[in-house]
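Peer 1: Structure for the following, please:
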Amino acid sequence: MHTQDGRAALEQAMKDMVNRMGVVHLGPVLDIMTEKLEDLQKYLRNLVLW
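Peer 2: So this is what the prediction gives:
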């Protein structure tokens, strides 16, 4: 029981820290980027600078 109380307190502390610091989970962004990385690299290799 003591362990559950500690876990709940830790999870709440993490939520509070995320809210104060603006930490964002980047998993979905990284998933999209890895899917499109080849296309991005292609465009960067053929970049035209004016």
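Peer 1: Could you use CA atoms for every contact and neighbour count after this?
Peer 2: Will do.
Peer 1: can you give me the helices in this structure?
Peer 2: Ranges of helices within the chain are 2-21, 27-45, based on DSSP state H.
Peer 1: how close does residue 25 get to residue 40?
Peer 2: According to C-alpha to C-alpha, to the nearest Å, residue 25 stands 22 Å off from residue 40.
Peer 1: neighbours around residue 44, how many?
Peer 2: 10 (other C-alpha atoms under 10 Å).
Peer 1: Mind telling me which of the helices of the chain the model trusts least?
Peer 2: Mean pLDDT per stretch puts helix 2-21 lowest among the helices of the chain, at a mean of 84.
Peer 1: which residues sit against that one?
Peer 2: Residues from elsewhere that reach helix 2-21 (C-alpha atoms under 8 Å, 6 or more residues apart in numbering): residue 24.
Peer 1: Return the distance of that helix from the chain's centre.
Peer 2: Offset of helix 2-21 from its chain centre (C-alpha atoms, centre = their mean, to the nearest Å): 19 Å.
Peer 1: And stretch 37-50, by the same measure?
Peer 2: Relative to its parent chain, stretch 37-50 has a centroid offset of 24 Å by C-alpha atoms, centre = their mean.
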